[in-house]
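Asker: Turn this into a model:
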Amino acid sequence: LRFHPLLSKKFHTEVGQFDAYTSLPLGITSRSNETFVPIQLAGGTEYAAPDWKVFKVMGEVGLNLNKSFSYIAFAAVFDFDENTLQRR
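Answerer: Sure, this is the predicted structure:
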C-alpha cells in the first residue's frame, strides 16, 4: 500500500516552462516475516521549451529515508492529445 502526497508549482521563464514538484512517498509493506514502512523523498521537474509543441523532458531524484531505494531518473514526454496542444 502506498501514498504519494505531492506539491507542485509551474514557473514560466524566458527559456521555457518548468513544472517543479516534490513528494514524500509513504508505504506499508508486509511480507510473511515482517512489516515495515518504506519512506522516500522525491523531487524533480518537467521542462518544455517555448518552441517545443509536443515534446517535454523530465528529471527526478528519489532519496531513501527508510527501507526504500534512492534513484535518478530522466524521461522524454511526447503529447499526442490535440487538447493538450491547444492549451499551450
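
Asker: quick one: low-confidence ranges for this structure?
Answerer: Regions of the chain meeting the criterion pLDDT under 70 cover residues 82-88.

Asker: Now for it: which strand has the highest residue count?
Answerer: Using DSSP state E to define each element, the chain has its longest strand at strand 55-66.

Asker: how close does residue 4 sit to residue 74?
Answerer: Residue 4 sits 20 Å away from residue 74, taking C-beta to C-beta, to the nearest Å as the criterion. Where C-beta positions appear, they are placed from N, C-alpha and C, glycine not excepted.

Asker: starting at the chain centroid, how far to the longest strand of the chain?
Answerer: When distances are taken as C-alpha atoms, centre = their mean, to the nearest Å, strand 55-66 is centred 6 Å away from the chain's centroid.

Asker: What strands line up against that strand, and which way round?
Answerer: strand 39-48 (antiparallel), strand 71-78 (antiparallel) (DSSP bridges).

Asker: Now tabulate those strands in CSV and tack on mean neighbour count.
Answerer: As requested, the strands paired with strand 55-66 are exported to CSV (neighbours: other C-beta atoms under 10 Å):
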stretch, mean neighbour count
strand 39-48, 18
strand 71-78, 10
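
Asker: Can I get those strands in JSON lines including distance to residue 17?
Answerer: Putting the strands paired with strand 55-66 into JSON lines (distance: least, C-beta to C-beta, whole Å) gives the following:
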{"stretch": "strand 39-48", "distance to residue 17": "5"}
{"stretch": "strand 71-78", "distance to residue 17": "12"}
